[in-house]
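> My questions are about this predicted structure, shown below with the sequence.
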Amino acid sequence: MTQNRTTVPTRPAPARHSTLRGGARHLALAVVGAALLVGFAIVVVREVLATFEIVAPAVDDSYELFAVSLTGLAGGAFAVGVRSDRSLRARPSTGRDRDDGWRRAIAASFVAGYVVAGALALVVCLVRLGASTSVLRGLAATFLGTSVATLTAFLDLADDDR
């Protein structure tokens, strides 16, 4: 007795490619990063103005959650920007130097913008400790935390324990 084995044709798995490729992908990432940075900077400036009683402080908890979450997201992009800038410097020169130059400039400008806005929040909180808004204190604390973690990773301080 023989068994009849038939093979069922299988459909090949679809290739997993990014929807955006090349320059469009870099442009989309730059736009998202810029939106995060601009949003973070606007919130910091608004809260600095509220600390100096130029505008009314926000009293909505959802605003505070949004502001601190935005700071964390911008901090994550900050860490990636620092890391990518470091890896771009370590890579040997290739034909992609022009693209790498743009990436390095975008990463450096994002890192600088994040540090300026975060440092402003931190300094105002320290100078006006009793008068600073809770949102500004949250932004400063989040900025400080992401900066310490990024600096630790950048300097490879975590690898010294091995």
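Happy to help now that I have it.
> helices and strands around the worst-scoring helix or strand of the chain on mean pLDDT, which ones?
Within the chain, judged by mean pLDDT, DSSP states H and E, the helix or strand with the poorest mean is helix 61-90; its value is a mean of 76. Taking 3 or more Cβ pairs under 8 Å, 6 or more residues apart in numbering; DSSP states H and E as the contact definition, the neighbouring helices and strands of helix 61-90 are helix 22-51, helix 97-127, helix 134-154. (C-beta placed from N, C-alpha, C; glycine too.)
> Show me which residues of that helix are buried.
Judged by neighbour count using 16 or more other Cβ atoms under 10 Å, the buried positions of helix 61-90 are 64, 67-68, 70-75, 77-82, 84-85, 88.
> again, but for stretch 109-120
110-111, 113-114, 117-118, 120.
> Quick one: the residues you listed as a markdown table, columns for pLDDT too.
Compiled in a markdown table, the buried residues of stretch 109-120 are given as follows (pLDDT from 0 to 100):
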| residue | pLDDT |
| --- | --- |
| Phe110 | 83 |
| Val111 | 82 |
| Gly113 | 87 |
| Tyr114 | 87 |
| Ala117 | 91 |
| Gly118 | 91 |
| Leu120 | 94 |
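> ok, so of these, who is nearest Leu136?
Proximity of the buried residues of stretch 109-120 to Leu136 was ranked by Cβ to Cβ; the top entry is Leu120 with 9.6 Å.
> Return the residues in contact with that closest one.
When the contact criterion is Cβ atoms under 8 Å, 6 or more residues apart in numbering, the partners of Leu120 are 44-45, 48.
> Those residues into JSON lines, with extra columns for neighbour count and pLDDT?
Written out in JSON lines, the entries for the contacts of Leu120 read as follows (neighbours: other Cβ atoms under 10 Å; pLDDT from 0 to 100):
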{"residue": "Val44", "neighbour count": "26", "pLDDT": "92"}
{"residue": "Val45", "neighbour count": "14", "pLDDT": "94"}
{"residue": "Val48", "neighbour count": "22", "pLDDT": "94"}
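> okay, and for the chain, where does confidence drop off?
Per-residue confidence for the chain (pLDDT under 70) gives these ranges: 1-22, 83-99, 153, 156-162.
> if we go to 90?
Scanning the chain with the threshold set as pLDDT under 90 gives 1-37, 40, 57-61, 64-65, 67-115, 128-131, 134, 138, 141-162.
> what about Ser132, which SS state?
Secondary structure state of Ser132, per DSSP: H, G, I helix; E, B strand; the rest coil, is coil.
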